[in-house]
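In: Need a 3D model of the sequence below.
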Amino acid sequence: MHLPTFSLAIFTVATLISAGPIEPLPGTTPEKADGFYASRFEDDGSATLMEFIPLTDTMNNTTSSTILDTRTIEARSSAVTCENAILNRNDLISAWNCLIWTMTPSKTMEKNYVYHCKSASVVAYACSYSKNTLNPVIIQTTLTTVSNTCGGVQAGYQRCKKDCGVTDMTIGRNYNGAAFCFKDFYGS
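Out: Okay, here's the model as predicted:
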């Protein structure tokens, strides 16, 4: 009576062993190392990686972000968009802190530059649509505004145009594998 079940199990295991590597789903990207990435988005849709710092090198700082567990209501001058994803809290804290640390004391971002930090399942990012100077206070304030609007660990971003302390950029967080900043940009 158990022979057909046993035979099916052996057939399934044999099939899995001989199947070879599984290709990623369309629209996903291969796994990249955790850390800070500085990229330039080109007119042809490609991206050029200009700098990489491993995540462990960005964590040698005492800066720490605070993530609120509940939403709060306050007036905002720029749009916040909440994405339909709940993020891993520890990965979000690491990515958020990485982005803050790499902006210390400040960095100038040219037009079409993307700075992002990946920590396992989460990406925190800043996308520049014109020349901007970014610092830890702007990152902390903007990501806190996203938390206040969307909830502590929900994905989302704030589009800032002549407010948030910058000229024209988007600052946010999402799950690793989601497009951000530019159409079909999944990180360098």
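
In: ok, and the helix or strand in this protein with the lowest average confidence?
Out: Lowest on mean pLDDT, DSSP states H and E among the helices and strands of the chain sits helix 3-18, with a mean of 41.

In: now for the helix or strand following that helix, which elements pack on it?
Out: Remark: after helix 3-18, the chain's next helix or strand is strand 35-41, criterion DSSP states H and E. Contact here means 3 or more C-beta pairs under 8 Å, 6 or more residues apart in numbering; DSSP states H and E; on that basis strand 35-41 packs against strand 47-54, helix 55-58, helix 89-102, strand 113-119. Any C-beta I mention is one placed from the backbone N, CA and C, and that applies to glycine too.

In: what angle do strand 35-41 and helix 89-102 make?
Out: Interaxial angle, strand 35-41 versus helix 89-102 (axes from the mean of the first three to the mean of the last three C-alpha atoms, to 10 degrees): 60 degrees.

In: what about the chain, any weak spots by pLDDT?
Out: When residues are selected by pLDDT under 70, those of the chain lie in 1-30, 60-77, 188.

In: hey, which of the helices and strands packed on strand 35-41 is tucked in deepest?
Out: Of these, the one with the most neighbours on average (mean count of other C-beta atoms under 10 Å) is strand 113-119, at a mean of 25.

In: Taking the centroid of this structure, which residue is nearest it?
Out: V123 (1.7 Å; C-alpha atoms, centre = their mean).

In: That one: helix or strand, and which one exactly?
Out: Assigned by DSSP H and E, V123 falls in strand 122-128.

In: Pull up the pairing partners for that strand, direction included.
Out: strand 113-119 (antiparallel), strand 166-175 (antiparallel) (DSSP bridges).

In: now those in TSV, with distance to K131?
Out: Compiled in TSV, the strands paired with strand 122-128 are given as follows (distance: least, C-beta to C-beta, whole Å):
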stretch	distance to K131
strand 113-119	9
strand 166-175	7
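
In: For T142, find the nearest of these.
Out: T142 sits nearest to strand 166-175 of all these, at 4.2 Å, using C-beta to C-beta.

In: that older thread, would you format the helices and strands packed on strand 35-41 as CSV with distance to K161 included?
Out: Output for the helices and strands packed on strand 35-41, formatted as CSV (distance: least, C-beta to C-beta, whole Å):
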stretch, distance to K161
strand 47-54, 23
helix 55-58, 28
helix 89-102, 20
strand 113-119, 17
